[in-house]
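Engineer: output the structure for:
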Amino acid sequence: MNNVASFSEKRREKQLTYERKLLRNLSIDELRKSVLRHMKTVGVGIFGEDGLEEACFDIAIEAYLNGGEYSRFILYGETLAMIKERCYEDRSHFINTLYNFWLYWDYGQKLIEEKPTYEACEIFVNHWWSRGFKEGEQRYKLRLH
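Structural biologist: This is a model prediction of the structure:
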């Protein structure tokens with residue numbers, strides 16, 4: 001008797017395979033340099049914490065994968081502005097998550113300012129979303145998906 005696989009299981013397997021292929025182009029050194037470049041001005045007194053760096057890594061990877069996922073819409077004739085509008089909620093969720101994480105680590109110490117922190121988080125997430133988008137777009141154009 002044959003096993004019946006559901007559509008959602010197959011779709012999830014395909015998504016995981018695509019994400020693994022996309023993550024092959026990403027290195028920890030690139031992530032670390034990016035975190036230092038984008039976030040060093042935010043938390044001068046608290047920046048050396050391992051938890052902060054890992055949280056930034058997590059958000060960068062999620063934004064990278066999200067950009068790669070949304071890059072498929074370029075094949076359907078959508079412009080970059082249309083695609084960014086389509087995933088606005090996802091990107092704002094990543095920005096707010098990272099921002100709230102920074103505020104949590106600074107709780108009661110008042111070492112960081114809110115507006116520059118939010119702007120740094122926004123630039124950081126948009127940078128990694130764009131990198132993932134470019135990588136995904138390249139994979140789709142070369143039919144490597």
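
Engineer: quick one: find the helix or strand in the protein with the lowest mean pLDDT.
Structural biologist: helix 28-39 (a mean of 88; mean pLDDT, DSSP states H and E).

Engineer: please save the CA atoms from that one in CSV.
Structural biologist: Extracted as CSV, the C-alpha positions of helix 28-39 are listed here (Å, rounded to 0.1, in the frame of the first residue of the first chain):
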residue,chain,number,x,y,z
ILE,A,28,29.1,33.6,9.8
ASP,A,29,32.0,36.0,9.2
GLU,A,30,29.8,38.1,6.9
LEU,A,31,27.1,38.1,9.5
ARG,A,32,29.5,39.1,12.3
LYS,A,33,31.0,41.9,10.2
SER,A,34,27.6,43.2,9.3
VAL,A,35,26.4,43.2,12.9
LEU,A,36,29.6,45.1,13.9
ARG,A,37,29.1,47.6,11.0
HIS,A,38,25.4,48.3,11.5
MET,A,39,24.9,47.9,15.2
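
Engineer: identify the residues contacting it?
Structural biologist: Helix 28-39 is contacted from outside by Phe47, Leu52, Glu53, Cys56, Phe57, Ala60, Ile61, Ala120, Ile123, Phe124, His127, Trp128, using C-beta atoms under 8 Å, 6 or more residues apart in numbering. (C-beta placed from N, C-alpha, C; glycine too.)

Engineer: quick one: mean pLDDT for the helix or strand hosting the last one?
Structural biologist: What that stands for is Trp128. In this structure, Trp128 sits in helix 114-141 according to DSSP states H and E. Taken as a whole, helix 114-141 carries a mean pLDDT of 91.

Engineer: buried residues, that helix. List them.
Structural biologist: Buried residues in helix 114-141, defined by neighbour count with 16 or more other C-beta atoms under 10 Å: 117-118, 120-122, 124-129, 131-133, 135-137, 139-140.

Engineer: how far out from the middle of the chain is that helix?
Structural biologist: Relative to its chain's centre, helix 114-141 lies at 6 Å (C-alpha atoms, centre = their mean, to the nearest Å).

Engineer: quick one: work out the angle between it and helix 28-39.
Structural biologist: 140 degrees (axes from the mean of the first three to the mean of the last three C-alpha atoms, to 10 degrees).
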